[in-house]
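Chemist: 3D, please:
(4 chains)
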2 protein chains.
Amino acid sequence: MDGPARQRSLWQHNLAVVLDEVRAATPTSRARISQHTGLTRATVSALVDALVRARLVDEVGPAPRGGAGRPATGLVLSPSGPAGLGLEINVDYLAAAVVDLTGQVRHLEVRQVDQRGRAPAEVLADVADLAAGARRVAGLPLAGARLAVPGLVDAPGLVRLAPNLGWRDLDVLGPLTAAPDWPDLPVGIDNEANLAALGELATAGRERSFLYVSGEVGVGAGIVLDGALLRGTHGWSGEIGHVTVAADGPVCRCGARGCLEQYAGQEAILRAAGVPAGEALPADLAVRRLAELAGADDPAAIGALSAAGRALGIVAAGVLNVLDLDAVVLGGSFAPLAGWLTGHVEREVAGRVLTAAWSPVCVRACSLGTRAAVVGAAGAVVREVLAAPSAWIDGG
Amino acid sequence: MDGPARQRSLWQHNLAVVLDEVRAATPTSRARISQHTGLTRATVSALVDALVRARLVDEVGPAPRGGAGRPATGLVLSPSGPAGLGLEINVDYLAAAVVDLTGQVRHLEVRQVDQRGRAPAEVLADVADLAAGARRVAGLPLAGARLAVPGLVDAPGLVRLAPNLGWRDLDVLGPLTAAPDWPDLPVGIDNEANLAALGELATAGRERSFLYVSGEVGVGAGIVLDGALLRGTHGWSGEIGHVTVAADGPVCRCGARGCLEQYAGQEAILRAAGVPAGEALPADLAVRRLAELAGADDPAAIGALSAAGRALGIVAAGVLNVLDLDAVVLGGSFAPLAGWLTGHVEREVAGRVLTAAWSPVCVRACSLGTRAAVVGAAGAVVREVLAAPSAWIDGG
DNA sequence: GCTATTTGTTAATCGGTTGAACTTATTGTG
DNA sequence: CACAATAAGTTCAACCGATTAACAAATAGC
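Modeler: Residues are numbered from 1 along each chain as shown, chains lettered A, B, ... in the order given. Predicted coordinates:
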């Protein structure tokens, strides 16, 4: 029960409905929106006019249409409307992306920097610099920014635990917005896997419910149910890396035994495959090397990936049994390895998910590749603009 | 994006807001609602009047209050307003309950009947008879009915799989509403654990996010996140009984290996404890016998419960890691055994849930005992009335 | 050029909230 | 006991946004 509704709420809600209609059926027209939503043409006209004035929607030339009658003026989301800025801090790179209202990626920059051992303030200064660059280059008005971090995030802007960065109970948003380069923008922070899942939701289109499994140094997950991200009570959902695979398995650095991370974490896979990792070789190169070995039918690599795939499948099956989702999406460093993983995941899922008989589960690699989190972060900002357009119109 | 909002939607929404205010702060007054919601006293008056006319809210005598000024007329949810009828089919009993708007259980009847081997039509005729009796005895207007079934339920009114009843792809709502005794009421059907979780939510009060684990012949679960039930894409969430505990464990009747049900299902526990079960002894008596043995420190019973508790804890920890919930509630036949289970569950959860350090997880028995599902089913109907009161007002 | 058809706009009306004045019922005070 | 002070609830004009119906604009077909 979220507060009372005033007259204004009505208008704000319908504004969002109309805007969503433009997004869903591009290009469309006032008349089509009216038919499709049930709102009067008069009402739709008034709302569309407000959206056009606010530069969220553009009127384009009339689409050629058979039959008689005055041609409709086309309506599309404005590619020059307020865009979203996505930022990402990961163990061995920093990234920034700008996504416009239509969902197009308008700018993408990745800087390979190993964060291990660097002072957080230094890292955040780099991020601010990336942000400033992105704003300059993209040449679009930015609605806001979202920062993806590989760890547990707590409101407002605290990183509770990012083991692979060595961060703990660290205020991130304060130093970031205080940096000299920082372009003055409202900024939020979220878990990397959550944002990647949102990115997948925006691009994959059809699927509305899935488990996005992100393989980085650890293993995280984002859960999308009926088109909405499940954040959990504190925003700490998706800690799939520490779900138990074997009660008496190897000890994990979290202190428990037999966590998924000990079977499908980057370190575990690389060790089992006999690929040198850690200090010796940057993570992305090690993963590429592993894919090469697997491609050449190296038995150790194949074995390592099959063990990881089975463990992933067992845990994914558990999540699907509990949450009844439609698909499992392999992302992060699992994406380039998906060819050797999906089969094993599929087998475990098919054998262990009770409802698989009525509704088969789709297992596939993510469609945005390894940049899902940054792009998803930018997309999350756009998503908010589209969900509450009245905030971007003078006089709310 | 759920459709456009007309002027009427505004009124309907605010009606629900006002009604919820009455529910939350009983007894309250028009003035307090106005202050608390931000709506004008004039608006609140109009809405309250509609609720009073519809018999959802009663005006009660003015509450004595210190200080000057005209005394407020108290407002409470009407105990004679539309009530909910809950029905339950389980393996060894049938049950009916009536819960009024205030949440009071006004009627409860349990019939010990073993359903195994009975024809579904016969069982449903009994349920219709229970419903008719409940309506007669309770003497309240009924808003609707909800039927709890131990299995997978599919819209509209199909039981996909209820292994312990031996039902599969069976239409339940058709025969039920066609029964001669059936009191003509809108009726829904839902999983037993889901409804029990809703019952727990309504009574436990404070907790807004928890995993409700229901031990019956199988093991099911209902998930409540931020006060809302998570149903999954098809409504098949909570199949916790078939989450893997050990990948190479004993074969389950679902075909997979090492399912939770093989460790914490009634059969498994009773077998390990050396208590005769199945045909020999009705389930509820067997559970009582087990509790007696455990109370007398019988080593086999204690061992069986500790093994079950550990398995439950491992699976619950997995769910908590993935979904970030606040509590684990043990229900169904786990409730009377909770004394011997919670400790083990707590230990596994504390050791395996990554965020337990920041936000400790509460493990406890359910507060409604073994009747949670029927009462929860009735409460679910009430919940819907409270959420959309306009449907109960002439001219919606 | 005329009609049929569809799009988009304009002006009057309706439904529901707001804000301010007003009535009602009580406490406190001289 | 009369009278101010205070708070609850009601009444009514004003306002805001959606609806309704009429109207202007732009095209196809004849």
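Chemist: got the residues of chain A near DNA strand C?
Modeler: A:4, A:6-7, A:29-32, A:41-42, A:45, A:48-49, A:67-73 (Cβ under 7 Å from any atom of the strand). In this view, the C-beta of every residue, glycine as well, is placed from N, C-alpha and C.
Chemist: so where do the strands sit in the stretch 251-396 of chain A?
Modeler: Here the stretch 251-396 of chain A has its strands, by DSSP state E, counting those that start in this stretch, at A:327-332, A:362-365.
Chemist: most neighbours per residue, which of those?
Modeler: strand A:327-332 (a mean of 27; mean count of other Cβ atoms under 10 Å in any protein chain shown).
Chemist: what sits closest to residue A:151 if chain neighbours are left out?
Modeler: residue A:162 (2.8 Å; Cβ to Cβ, 6 or more residues apart in numbering or on different chains).
Chemist: coming back round to it: can you redo the strands of the stretch 251-396 of chain A as CSV with mean pLDDT?
Modeler: Listed next are the strands of the stretch 251-396 of chain A as CSV, based on pLDDT from 0 to 100:
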stretch, mean pLDDT
strand A:327-332, 96
strand A:362-365, 96
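Chemist: got TSV for those, with distance to residue A:146 too?
Modeler: Output for the strands of the stretch 251-396 of chain A, formatted as TSV (distance: least, Cβ to Cβ, whole Å):
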stretch	distance to residue A:146
strand A:327-332	17
strand A:362-365	24
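Chemist: are any of the residues of chain A next to DNA strand C buried, and which?
Modeler: Among the residues of chain A next to DNA strand C, those classed as buried by 16 or more other Cβ atoms under 10 Å in any protein chain shown are A:4, A:29-30, A:32, A:45, A:48.
Chemist: of all the strands of the stretch 251-396 of chain A, which lies closest to residue B:286?
Modeler: When the strands of the stretch 251-396 of chain A are compared by Cβ to Cβ, strand A:327-332 sits nearest residue B:286, at 38.6 Å.
Chemist: now for the closest one, which elements pack on it?
Modeler: Contacts defined by 3 or more Cβ pairs under 8 Å, 6 or more residues apart in numbering or on different chains; DSSP states H and E place strand A:327-332 against helix A:192-204, strand A:210-215, helix A:299-323, helix A:338-352, strand A:362-365, helix A:372-387.
Chemist: so in that sheet, which strands flank that strand, and in what orientation?
Modeler: If you go by DSSP bridges, strand A:327-332 pairs up with strand A:210-215 (parallel), strand A:362-365 (parallel).
Chemist: could you dump those into CSV with distance to residue A:285 added?
Modeler: Output for those, formatted as CSV (distance: least, Cβ to Cβ, whole Å):
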stretch, distance to residue A:285
strand A:210-215, 15
strand A:362-365, 20
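Chemist: JSON lines please, covering those and showing distance to DNA strand D.
Modeler: As requested, those are exported to JSON lines (distance: least, Cβ to the nearest atom of the strand, whole Å):
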{"stretch": "strand A:210-215", "distance to DNA strand D": "34"}
{"stretch": "strand A:362-365", "distance to DNA strand D": "39"}
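Chemist: do you know the pLDDT at the most far-flung residue of chain A relative to its centre?
Modeler: The centre of chain A is farthest from one residue, residue A:68, which by Cα atoms, centre = their mean lies 44.7 Å away. If you check residue A:68, the pLDDT there is 82.
Chemist: now do the residue of the stretch 151-300 of chain A found nearest DNA strand C against DNA strand D, distance only.
Modeler: Distances between the stretch 151-300 of chain A and DNA strand C by Cβ to the nearest atom of the strand are smallest at residue A:205, namely 26.0 Å. Residue A:205 is 29 Å from DNA strand D, where distance means Cβ to the nearest atom of the strand, to the nearest Å.
Chemist: would you mind measuring from that residue to residue A:103?
Modeler: Applying Cβ to Cβ, to the nearest Å, the value for residue A:205 to residue A:103 is 10 Å.
Chemist: tell me which parts of the stretch 51-200 of chain A are close to chain B?
Modeler: Residues of the stretch 51-200 of chain A lying near chain B by Cβ under 8 Å from any Cβ of the partner chain: A:152, A:154, A:160-161.
Chemist: most neighbours among those, which one?
Modeler: Neighbour counts for those (other Cβ atoms under 10 Å in any protein chain shown) peak at residue A:152, which has 24 neighbours.
Chemist: care to break chain A down by domain?
Modeler: Structural domains assigned to chain A are A:2-77, A:83-195+A:373-395, A:206-370, following automatic domain parsing.
Chemist: which one of these lies closest to residue B:293?
Modeler: Of all the domains of chain A, the one in closest proximity to residue B:293, counting by Cβ to Cβ, is domain A:206-370 (25.5 Å).
Chemist: how far is the closest one from where the chain is centred?
Modeler: Remark: domain A:206-370 is offset 16 Å from the chain centroid, using Cα atoms, centre = their mean, to the nearest Å.
Chemist: next one, pLDDT for the nearest residue to residue A:302 once chain neighbours are set aside please.
Modeler: Once flanking residues are discounted, residue A:302 sits nearest to residue A:294: 5.8 Å by Cβ to Cβ, 6+ apart. You'll see residue A:294 listed with a pLDDT of 96.
Chemist: and for residue A:294, the neighbour number?
Modeler: Neighbour count for residue A:294, taken as other Cβ under 10 Å: 22.
Chemist: could you do the one 5 residues further on as well?
Modeler: For residue A:299, the tally of surrounding residues (other Cβ under 10 Å) stands at 11.
Chemist: most centrally placed residue in chain A?
Modeler: Geometric centre of chain A, nearest residue: residue A:196, 2.2 Å, by Cα atoms, centre = their mean.
Chemist: and that one, what does it touch?
Modeler: Residues in contact with residue A:196 (Cβ atoms under 8 Å, 6 or more residues apart in numbering or on different chains) are A:148, A:212, A:214, A:222, A:331-332, A:366, A:368, A:372-373, A:376.
Chemist: repeat that with 7 Å
Modeler: Counting by Cβ atoms under 7 Å, 6 or more residues apart in numbering or on different chains, residue A:196 touches A:212, A:214, A:222, A:331, A:372-373, A:376.
Chemist: dump these to TSV, plus distance to residue B:77.
Modeler: Shown next, in TSV, are the contacts of residue A:196 (distance: Cβ to Cβ, whole Å):
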residue	distance to residue B:77
A:212	42
A:214	46
A:222	40
A:331	48
A:372	48
A:373	47
A:376	44
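Chemist: can you list the residues of the stretch 1-150 of chain A near DNA strand D?
Modeler: Neighbours of DNA strand D within the stretch 1-150 of chain A, by Cβ under 7 Å from any atom of the strand: A:7-8, A:10-11, A:14, A:38-43, A:46-47, A:62, A:66-71.
Chemist: on that earlier part again, so which of the buried ones among the residues of chain A next to DNA strand C sit within helices?
Modeler: A:30, A:32, A:45, A:48 (DSSP state H).
Chemist: sec struct for the closest residue to residue A:130 other than its chain neighbours, please.
Modeler: Distances taken as Cβ to Cβ, 6+ apart put residue A:96 closest to residue A:130, at 4.1 Å, once the chain neighbours are dropped. Put simply, residue A:96 is strand when judged by DSSP: H, G, I helix; E, B strand; the rest coil.
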